[in-house]
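**Student:** predicted model and sequence below, questions to follow.
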Amino acid sequence: MLVVGNITVGGSGKTPLVIWLVAQLRAAGWTPGIVLRGYGGAAGSGRAPVRVEADSDPRLVGDEALLLRQRTGAPVAVGRERVRAARLLLREGVDLIVSDDGLQHLALARNVEIAVIDANYGLGNGYLLPAGPLREPRARLAQVDALVINGQSAHWRETLRALRALGALGPFAMSLSGEWLWPLAGAGERAALAGFAGRRVHALAGIGHPERFFAQLRAAGLEVIEHPFPDHYRYRGPELQFDDELAVLMTEKDAVKCRAFGGANRWYLPVCATFEEAEAAALLAGLQRRLEPARA
């Protein structure tokens, strides 16, 4: 069992990291499967686990679960009781479970823990909920096997010093990149994000930190009209309608819930986790050392 999680509320980049890890682990000879709660879906509240298919209804399995199934092709199961979800996948021939989130889900026995920290937000004010953003004390990071930092910012050096002082392995620097826009309707050619530079667009984001998506578009030279929504927001259609001819852009996590609203000039931007070659090699080598006893 490999758990990817964080100790802060809000998005930190766990799902793109899980997608990257599944690809790397598969290349190393593992048969990985993914479990997660399934937030935003009805199955996430039920005790019985649900197997996610590429055409599953996101209202049942949740947006992140459907995205993971479509992007990785790996077996995915969701449920409130993630131990049962893991057992479901193990019965189907999976030999390694990757949990998207679940650092605090202690019913899950684990061989490896990876904590993801957003460089822009770090550990916030350092206080536990509700006074701050922490789910657990910052000292919890000293217990994980690896630390991954998503992005760089003015807080970068300060965050690194604080985390290294805790004694955990890493941190490994991860970036999220996206170069191609895909039509929401599912038919048609992709378009280069760089080709939208200088254009005014509507941007929708129902993720943990919508401003991250807006900043990414601005960094690519787009003029962004922001439309932030709560994490796991369930779109109904009117949110995508505007009284102009501007392009509508959204995240891939939003897109899996909006296929029925596809139309001309509506696009989504998939992102991929990337590491420097040396950092990727060091992270994977450390994971393999910890996982091999479980394979045996």
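**Tutor:** Yes, it's here. Numbers count the residues shown, from 1 in each chain.
**Student:** what are the boundaries of the helices in the stretch 1-150 of the chain?
**Tutor:** 14-27, 58-61, 63-72, 82-90 (DSSP state H, counting those that start in this stretch).
**Student:** buried set for the last one?
**Tutor:** Spelled out, that is helix 82-90. 82-83, 85-86, 88-89 (16 or more other C-beta atoms under 10 Å). (C-beta placed from N, C-alpha, C; glycine too.)
**Student:** pLDDT added to the residues you listed, as TSV?
**Tutor:** Output for the buried residues of helix 82-90, formatted as TSV (pLDDT from 0 to 100):
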residue	pLDDT
Arg82	93
Val83	94
Ala85	96
Ala86	96
Leu88	96
Leu89	97
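**Student:** might you list the low-confidence residue ranges for the stretch 151-296 of the chain?
**Tutor:** Applying pLDDT under 70 to the stretch 151-296 of the chain flags residues 153-161, 163-164, 166-168, 296.
**Student:** ok, 90 please
**Tutor:** 151-171, 186-188, 263-264, 292-296 (pLDDT under 90).
**Student:** please parse this structure into its domains.
**Tutor:** As assigned by automatic domain parsing, the chain contains the domains 2-175+274-295, 179-270.
**Student:** distance between the ends of the last one?
**Tutor:** I take that to be domain 179-270. Length of domain 179-270, first residue to last, C-alpha to C-alpha, to the nearest Å: 8 Å.
**Student:** what about it, distance to the chain center?
**Tutor:** Its chain's average C-alpha position is 17 Å from that of domain 179-270, according to C-alpha atoms, centre = their mean, to the nearest Å.
**Student:** and what of the first one?
**Tutor:** Its chain's average C-alpha position is 8 Å from that of domain 2-175+274-295, according to C-alpha atoms, centre = their mean.
**Student:** quick one, which of the domains of the chain is packed in tightest?
**Tutor:** domain 2-175+274-295 (a mean of 19; mean count of other C-beta atoms under 10 Å).
**Student:** what does whatever helix or strand Glu211 lives in contact?
**Tutor:** Under the criterion of DSSP states H and E, Glu211 resides in helix 210-219. Identification of contacts with helix 210-219 by C-beta atoms under 8 Å, 6 or more residues apart in numbering yields 11, 120, 176, 178, 193, 201, 203, 205, 207, 224, 226, 228-229, 249, 251, 269, 271.
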